[in-house]
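Student: pasting the sequence and the predicted model now:
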Amino acid sequence: MQIHEPSPQRDTRTQRQRDRAKLWRALNITLFSVLLLCVVYFMIQPKLNIAAWTVEPHSPHSWLGLLTAPLLHGSIEHLAANAISLLILLPLALLTYPKGTLLGLPIMWLGSGIGAWILGEPGTHHLGASGVTHGLLFLMMTIGLIRRDRPSIAAALIAFLFYGGMLLTVLPQEAGVSWQAHMGGAIGGIIAGILLRNVDPRSAPRRYSYEDEPEPDEFLGMPIERHDRND
C-alpha cells in the first residue's frame, strides 16, 4: 500500500508574506470584534433598554435577541472576561482555519442564543459573548479530532490549555451564569466543525532551506563508484 503525502512546502519569501498577511488579518478581525463590544457597552448600551435586546427564553418577542445579545454585557467584569477570551481564541482559530472560522461564526452566534432560548428559564434574560467563545473552543477541538494534522492538533491543544475549563461550564454551575448559552454555542461549534472541517486546505509540511543538504558525491566534488558484489 502506498501513502501519498503532499510535497513539502518550501519556506519561501512569498510564503512568509502570506503568513504575515494571514496573521494581520486575524489580528485585525479580533481587534475589531473586541472594539465593537467595547463601543456597544460604553456608548450604545447605556442608551438602550437592554432587556428588549437580550434573549428571553420561550418568549415569542425575543427573536431579535438572537442577533444582539452577544454584543451586550452586564458589567465591566463580564465584558473584560469575554474580551480576553476573544483575544486568545479568535486569532488562534482564524490563523488555523480562516475560512472555516468566518463561516462558522454565524452558527456559533445563533447557537448561543437558541440554546439560551430553548433551555433557559422563562422570565430570565441572557446576554454576552461567552457562548461564542465556547463555540470557538469546541470548533477547534472538533476539527482537531477529525483532521488530526499537526496544525489542527496544535490549535486544539493550545485552546484547551488556556480554556479547557469551558468543557465544564456548559453545565449548570454558578447562579447568574448562562450555561444554556454556553451549551448552545458549544453545540454550534461542534456542528460548524463537522460541516466546515475541509473548507480550509490542509497545509503541506514545510521544508526549510537547511534541509536541502548536498549529496555526498556533490559535497566532495568527485564521483564515487559503487560496486555491488553478488556471491
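Tutor: Ah, there it is. Residues are numbered from 1 along each chain as shown.

Student: remind me which residues of the protein are low pLDDT?
Tutor: Residues of the chain meeting the criterion pLDDT under 70: 1-11, 203-231.

Student: do you have the strands of it handy? List them.
Tutor: In the chain, the strands defined using DSSP state E lie at 9-10, 206-207.

Student: mind listing the helices for this structure?
Tutor: For the chain, the helices defined by DSSP state H cover 13-39, 65-68, 76-96, 98-119, 130-147, 150-163, 179-195, 216-220.

Student: which helices and strands sit right next to the first one?
Tutor: The one in question is helix 13-39. Where contact means 3 or more C-beta pairs under 8 Å, 6 or more residues apart in numbering; DSSP states H and E, helix 13-39 is packed against helix 76-96, helix 98-119. (C-beta placed from N, C-alpha, C; glycine too.)

Student: please repeat the previous calculation with a cut-off of 6 Å.
Tutor: helix 76-96 (3 or more C-beta pairs under 6 Å, 6 or more residues apart in numbering; DSSP states H and E).

Student: what does the helix it packs on contact?
Tutor: With contacts defined as C-beta atoms under 6 Å, 6 or more residues apart in numbering, helix 76-96 is touched by 26-27, 30, 33-34, 41, 73, 101, 128-130, 133, 136, 140, 151, 155, 162.

Student: and those, which are buried?
Tutor: 26, 30, 33-34, 41, 73, 101, 128-130, 133, 136, 140, 151, 155 (16 or more other C-beta atoms under 10 Å).

Student: of these, closest to residue 199?
Tutor: Within the buried ones among the contacts of helix 76-96, proximity to residue 199 (C-beta to C-beta) peaks at residue 101, which comes in at 9.4 Å.

Student: for the closest residue in space to residue 71 that isn't next to it in sequence, grab the count of nearby residues.
Tutor: Closest residue to residue 71 apart from its sequence neighbours, by C-beta to C-beta, 6 or more residues apart in numbering: residue 40 at 4.7 Å. The local packing of residue 40 (other C-beta atoms under 10 Å) involves 19 other residues.

Student: what's the answer for residue 48, then?
Tutor: Neighbourhood size, residue 48 [other C-beta under 10 Å]: 12.

Student: what's it in contact with, if anything?
Tutor: Listed by C-beta under 6 Å, 6+ apart, residue 48 has no contact partners.

Student: one step back: need the max-distance pair from the buried ones among the contacts of helix 76-96.
Tutor: Across the buried ones among the contacts of helix 76-96, the longest distance by C-beta to C-beta is 33.9 Å; it joins 41 and 151.

Student: residue nearest the centroid of this structure?
Tutor: residue 93 (3.0 Å; C-alpha atoms, centre = their mean).

Student: how near is the residue lying closest to that one once chain neighbours are set aside to residue 136?
Tutor: Closest residue to residue 93 apart from its sequence neighbours, by C-beta to C-beta, 6+ apart: residue 101 at 4.3 Å. Noted for residue 101: a distance of 8 Å to residue 136, by C-beta to C-beta, to the nearest Å.

Student: alright, calling it a day.
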